[in-house]
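Undergrad: give the three-dimensional model of this entry:
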Amino acid sequence: MATVKVVVHGAFGKVGSEVLKALCAEPGMEPVGAVEIRATEDYLSLPDGSGLIPISSDLSDILARCRPQVVVDFTNAEGAMAALRTATASKVNVVTGSTGLSESNIKEAEDLAQEHKVGVVIAPNFALGAVLLIQMARQLAPFFDYAEVYEMHHETKIDAPSGTSLAIARAIAEGKGGPLKAPKAERETLPGTRGGEYQGVVIHSTRMPGLMAHHEVVFGAQGQTLSLRHDTIGRECYMPGVMLAVRQVMKSKGLIFGLDSIVSIQGVPDAEL
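TA: Here you go, the predicted structure:
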C-alpha cells in the first residue's frame, strides 16, 4: 500500500500537534510538512524524534516544497477556508476539523472540491463516539416532539454554539422531518436564558476552565426523558477519526460533510480500516 503524504495546517495547535504525533505512528502515512502562522524556523522536529520536516507560515510554499496528497487543517474558520482555496487549487485533498464554518463556507468548499476534482472532508467532530451520538439522535427524533442540547467547552473556545451541537440539532430536525416544539417562557426575566434555537431544538452553551468538549441531548415526552451524552477526555480521541478521514479523502471526489457516511452504528466497512 502506497504511503499517504500529509501536511498539517495549524501544526502548533492543540489538535494539530496531536495529528502530527498520530501520523508518525500510523502505518501507511507520512507527515511531510507543516504550516503554522507562528512559525519562525524552516524545519520542525517530528514528535517521535524520527527527523525534521519543512515548516512555513505559507501553505503555498509548503505545497510546492513537499507535494503532499492531503492537507489536514485544524485552525479556525478563516484559516480553513484559506487552506481549502489554496490546497484544492493545487489538486491536493483536504481534511478539516476547524469550527465556525458557515453554511456559505461549506457550500464554497463543495464547489471547490467539484471544480478541482479533489476530495474534501469537513467534520464538526472527529471523535467516533460523537459521530455515533449524532446518528442516534437522528434515529430517535421521530419519537419525540421536544429536544434540547447542552454543550460544554473550555473557556478559550472561540465559537458558540459548537459545530457539533449544531450538527446534532440539524440531525434531529432531519430525523423529525421538520421543526420540534420549543416552549417559550411567558416572562423571561433574564434575556437569552432559554438559549439558542435551531429548528425547535434549543441549544445551551457553557464555557469555563476544567472542561474540554462535552455534548448531551435530552429528548422529552409526556412523563419521560431520554438522554444521550458524549464526553471528550483527551484530544487523542479525535485521531482515529482523522486517520479514517485521510484514507477516505484519498478515494473520494467532492465534499463529505461529517463522518456519518464513513462510520455508522453498524460499524466501519473493512475496506475503510
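Undergrad: can you give me the strands in this structure?
TA: 4-9, 29-35, 43-45, 52-56, 70-73, 93-96, 119-122, 146-153, 196-198, 201-207, 213-221, 224-232, 254-257 (DSSP state E).
Undergrad: any idea of the mean pLDDT in the last one?
TA: It refers to strand 254-257. Averaging pLDDT along strand 254-257 gives 94.
Undergrad: then the fifth one?
TA: Averaging pLDDT along strand 70-73 gives 98.
Undergrad: the chain should start at 437 in everything you say after this.
TA: Let's use 437 as the start, then, which means that last one is strand 506-509.
Undergrad: make a markdown table out of the strands of the chain and add distance to residue 572.
TA: C-beta here means a position set from N, CA and C on the backbone, and glycine is covered the same way. Shown next, in a markdown table, are the strands of the chain (distance: least, Cβ to Cβ, whole Å):
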| stretch | distance to residue 572 |
| --- | --- |
| strand 440-445 | 31 |
| strand 465-471 | 30 |
| strand 479-481 | 40 |
| strand 488-492 | 39 |
| strand 506-509 | 27 |
| strand 529-532 | 24 |
| strand 555-558 | 21 |
| strand 582-589 | 12 |
| strand 632-634 | 18 |
| strand 637-643 | 15 |
| strand 649-657 | 8 |
| strand 660-668 | 6 |
| strand 690-693 | 18 |
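Undergrad: need the ones you listed in a markdown table (columns: mean neighbour count and distance to residue 576).
TA: Compiled in a markdown table, the strands of the chain are given as follows (neighbours: other Cβ atoms under 10 Å; distance: least, Cβ to Cβ, whole Å):
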| stretch | mean neighbour count | distance to residue 576 |
| --- | --- | --- |
| strand 440-445 | 26 | 36 |
| strand 465-471 | 23 | 36 |
| strand 479-481 | 16 | 45 |
| strand 488-492 | 19 | 45 |
| strand 506-509 | 28 | 32 |
| strand 529-532 | 28 | 29 |
| strand 555-558 | 26 | 25 |
| strand 582-589 | 23 | 9 |
| strand 632-634 | 17 | 17 |
| strand 637-643 | 18 | 12 |
| strand 649-657 | 19 | 6 |
| strand 660-668 | 14 | 7 |
| strand 690-693 | 17 | 21 |
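Undergrad: right, I'll call it a day here.
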